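>>> Sharing a model prediction with you, sequence too.
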Amino acid sequence: MEEAIAKAGALIEAMEYIRRFRERIVVVKLGGSVLDDTSLQKELLTDIAFMATVGMRPIIVHGGGKAITRAMNEAGLEPVWVQGRRYTDERTLRIAEHTLVHKINTPVCETLAELGCEPMGLHSLGSCALFAEMLRLAGEDGRKLDVGLVGKVADVNGQLLKKLCADGTIPVIASVAKDKAGGKLNVNADSAAGMVAAEVVAEKLVVVSDTHGIRTDLDDPDSWVSSLNEAQIKEMIDAGIITDAMFPKVEACITALDAGVSKAHIIDGRIPHSLLLEIYTDKGIGTQIIKSA
């Protein structure tokens, strides 16, 4: 009886949020072990199916770095990294594209369909929603560093995404973009998600990863912070607390907020129903990032 009452209480708490977010777009970036663990992935996609069922309009953006690295190793290629970016030649790009589309995007769409949703895969082998320009990184001597066929998202087909969402379709976007000449460029999935959220002015951007939000002390799991504003984020970047893999996630959140997105969140996809807990409960379970007052 107590368990049933608790469930009813959770539904009542969620009702306010369901009403508030009905018909609103929420961009969910999938990454980390969620993409490597099929059971974890199924749980998270079930949460997204729930969101769609109660009237939210999810858009999924995914990467696939670990899977790409495995596919490269199987092909006898050793990844080369330049300032944290994967150097991408023609062969690497073909492997990355094949992995992102056939090994990740298609199975995600198939699972969503099994859950009663209507997904549409958007990628460089079909309808593409991401358009990029070549990325050049700044070297220590001021010269630009070549990272190959790596791009920075410059434009997003927001009209297509909004139309799909209005029709009840869930766009599932792989992180390979096209350039102006029709070529293809590998892009960072976090950055792509931030640009997508900015273009459609989503209600929320939720970055799902392997980290339980943002910590003030990298070595102390209990230093997790539930809410931060842009000014506090900048202080943590300057202090060297936010670095490496967390930086592009935070950068994506700031990109979204600057475009008018209400809130951005970084959550741990390994926690059961973390997505629903972050969106539909008062306390949440990750770190929310908001505009400075």
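That came through fine. Residues are numbered from 1 along each chain as shown.
>>> any chance you could map the helices in the stretch 51-200 of the chain?
65-74, 90-98, 106-114, 158-166, 189-200 (DSSP state H, counting those that start in this stretch).
>>> now the angle from the first one to helix 189-200?
What it means is helix 65-74. Going by axes from the mean of the first three to the mean of the last three C-alpha atoms, to 10 degrees, helix 65-74 is angled at 140 degrees with respect to helix 189-200.
>>> ok, now the second one?
Between helix 90-98 and helix 189-200, the angle formed by their directions is 60 degrees, by the same axes, to 10 degrees.
>>> what's next to helix 90-98, contact-wise?
For helix 90-98, contacts defined as C-beta atoms under 8 Å, 6 or more residues apart in numbering pick out 64, 68, 71-72, 75, 77, 79, 86, 88, 123-125, 148-149, 176, 184-186. Yep, even glycine has a C-beta here, placed from its N, CA and C like the rest.
>>> Quick one: mean pLDDT over that helix.
Taken as a whole, helix 90-98 has an average pLDDT of 95.
>>> got the buried residues for that helix?
92-93, 95-97 (16 or more other C-beta atoms under 10 Å).
>>> so which of those comes closest to residue 289?
Checking the buried residues of helix 90-98 against residue 289 with C-beta to C-beta, the nearest one is residue 96 at 28.7 Å.
>>> show me where the stretch 1-150 of the chain has strands.
In the stretch 1-150 of the chain, the segments counted as strands under DSSP state E, counting those that start in this stretch are 25-30, 57-62, 81-82, 85-86, 118-122, 130-138, 144-156.
>>> Switch those over to a markdown table; also include mean neighbour count and distance to residue 50.
Putting those into a markdown table (neighbours: other C-beta atoms under 10 Å; distance: least, C-beta to C-beta, whole Å) gives the following:
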| stretch | mean neighbour count | distance to residue 50 |
| --- | --- | --- |
| strand 25-30 | 27 | 12 |
| strand 57-62 | 27 | 10 |
| strand 81-82 | 12 | 37 |
| strand 85-86 | 18 | 34 |
| strand 118-122 | 20 | 15 |
| strand 130-138 | 18 | 27 |
| strand 144-156 | 18 | 26 |
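>>> So which of those is nearest residue 38?
Closest among these, using C-beta to C-beta: strand 25-30, at 12.9 Å.
>>> which of the contacts of helix 90-98 are buried?
For the contacts of helix 90-98, buried by 16+ other C-beta under 10 Å: 64, 68, 71-72, 86, 88, 123-124, 148-149, 176, 184-186.
>>> Report the lowest-confidence entry in these.
residue 86 (88).
>>> That one pairs with what?
Counting by DSSP bridges, residue 86 is bridged to residue 81.
>>> I'd say it and residue 187 touch.
No. Assessed by C-beta atoms under 8 Å, residue 86 is found out of contact with residue 187, at 11.0 Å.
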